[in-house]
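>>> Just a sequence and a predicted model for now, questions to come.
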Amino acid sequence: MNCGMREWVQFWLVDDFVKKENITLEGGPAAQVLLGRDTRPSGASLVEAAKQGITCITGATATDMGILTTPQLHWMVRAKNKGVEASEHHYYDQIVTSFSYLMDNIPRENSSKDVNDKLIVDGADGVGGEKLEKLKSSLKYLTIDVRNYGDGVLNEGVGADYVQKEKVVPRGFGPSDAGIRCASLDGDADRLVYFSVLSNSNKIDLVDGDKILSLFALFLKEQLRILDDKANTSSYKASLGVVQTAYANGASTEYLKQLGLEVVLTPTGVKYLHEKAAEYDIGIYFEANGHGTILFSETFLSWLESINNELSSTSKGSDQHKSASNLLAVSKLINQAVGDALSGLLLVEAILQHMGWSIQKWNELYQDLPSRQLKVKVVDRTAVITGNAETVVVSPVGIQEAIDAEIAKYTKGRCFVRPSGTEDVVRVYAEASTQEAADSLAHSVMHKL
């Protein structure tokens, strides 16, 4: 790409962003940039360099918000743009208050169930573990044991990515933790997975982002159902949508559809997931790696506030009033700016208590189909063009037909290929009824490329 073309693309991207976000350039307020850093030693000097660059722009100011998780900084930017107080203290205050409200609102029939209040969390030796260690003293109803929060190397044998891919316990966990609910953050706390340790083993039963999404969807669908039982709410039918990528396990997609939920696929990437989820009154998106969140439309929240106030006056404490309040609490607990392991973890814990579920019961929602991922080196990845949310090869002609022919040989077979966005490889994803079949399907398709 030559210099002139690069400048044109940069201008187009900025112009497109300004229009989408309704940013006023002429006569608008001066730019304020919030800066955060993690616990690595380089953080302070990088923030200082950023401040010097920002202050070179006329009227722009830079504010160092200190050591934060990435999602905390995103939350603060969103809060600032909404005219709300934005600090680490306000972040904690909002999620703790919302979590406490949900816990206080647990149905009586579930409050006596034997749901263990102990949770062990792997902090990935990153900033997220340190923040959770600070946060846990403010939480009632929940006893958290945080491990790996600064005494080891960041993400080395620890963290959500390691746990999800290797399916073994992170450092500091072992057979003595069998039967206890466990969770793992990634280094900057924007991803979350759960797991339970198998007896006398270093292996785990993984509860990934697909099952976190399913738990959230199940709870929100039920709250909307209860709320709809109230007369006069039929004037507003809230849309609830679930957004996944083709990498979501097929069993999760099938389960969600069986619940009667609208499930749509987007190309791989949070920007596509987030944008699509924003089209619903309540949009939930998650990737299997544990990154995701819930979005609430301003129109729906305004209506919900009105209904909640009405119910508070006419039938306070009713099931409908509790459901309206629960939905409002979820909208404040979850970080709507970006996937946030800390707020997501608290929402998981609150919902499990509402359901009266152990992690084992949660994990039984559906059985994941065995899968295999491979990558094939190619000379030019841009030659492979996909469509339909990356599930179909449009070009070169003939490849999709060859893939379809291979899929047809396997029970519950599913396979797609997509070019990498960063390296000259084409990625292959395959599912089938057995691991042997998934492996075979992936390799047979790989040889067609």
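Looks like it arrived, so ask away.

>>> Next one: the residue lying closest to Gly152 once chain neighbours are set aside from Glu156, what distance?
Distances taken as Cβ to Cβ, 6 or more residues apart in numbering place Asp125 nearest to Gly152, at 4.4 Å, with adjacent residues excluded. Just so you know, the C-beta spots here come from the backbone N, C-alpha and C atoms, and that holds for glycine as well. From Asp125 across to Glu156, the span is 7 Å (Cβ to Cβ, to the nearest Å).

>>> Where does pLDDT dip in the protein?
1-6, 9-10, 110-114, 230-234 (pLDDT under 70).

>>> for it, longest helix please?
helix 209-228 (DSSP state H).

>>> which of the residues in it are buried?
209-224, 226-227 (16 or more other Cβ atoms under 10 Å).

>>> can you pull the contacts of the residue sitting nearest the centre point of the chain?
In the chain, the residue lying closest to the centroid (Cα atoms, centre = their mean) is Gly292, at 1.4 Å. Residues in contact with Gly292, defined by Cβ atoms under 8 Å, 6 or more residues apart in numbering, are 209, 212-213, 273, 284-286, 339, 344.

>>> The same query, at a cut-off of 7 Å, please.
209, 213, 285-286, 339 (Cβ atoms under 7 Å, 6 or more residues apart in numbering).

>>> Just name the closest of the residues you listed to His354, please.
Leu213 (16.7 Å; Cβ to Cβ).

>>> ok, that closest one touching Ala288?
No. Leu213 lies out of contact with Ala288 (Cβ atoms under 7 Å); the separation is 9.2 Å.

>>> Give me the spatial nearest neighbour of the residue nearest to the centre of the chain, chain neighbours excluded.
Gly292 sits nearest to Phe286 (Cβ to Cβ, 6+ apart), 2.9 Å away.

>>> Kindly report the same for Asn363.
According to Cβ to Cβ, 6+ apart, the nearest residue to Asn363 is Val207 (5.3 Å).

>>> Quickly list what the one you found is bridged to.
Listed by DSSP bridges, the beta-bridge partners for Val207 are Tyr194.

>>> ok, so of the contacts of Gly292, who is nearest Trp12?
Nearest to Trp12 among the contacts of Gly292, with distances taken as Cβ to Cβ, is Tyr285, at 26.2 Å.

>>> Can I get the helix or strand hosting the closest one in CSV, CA atoms only?
Assessed by DSSP states H and E, Tyr285 sits inside strand 282-286. The C-alpha trace of strand 282-286 is given here as CSV (Å, rounded to 0.1, in the frame of the first residue of the first chain):
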residue,chain,number,x,y,z
ILE,A,282,-30.9,-7.3,25.2
GLY,A,283,-28.0,-8.7,23.2
ILE,A,284,-25.6,-11.4,24.6
TYR,A,285,-22.4,-12.3,22.9
PHE,A,286,-19.6,-14.6,24.0
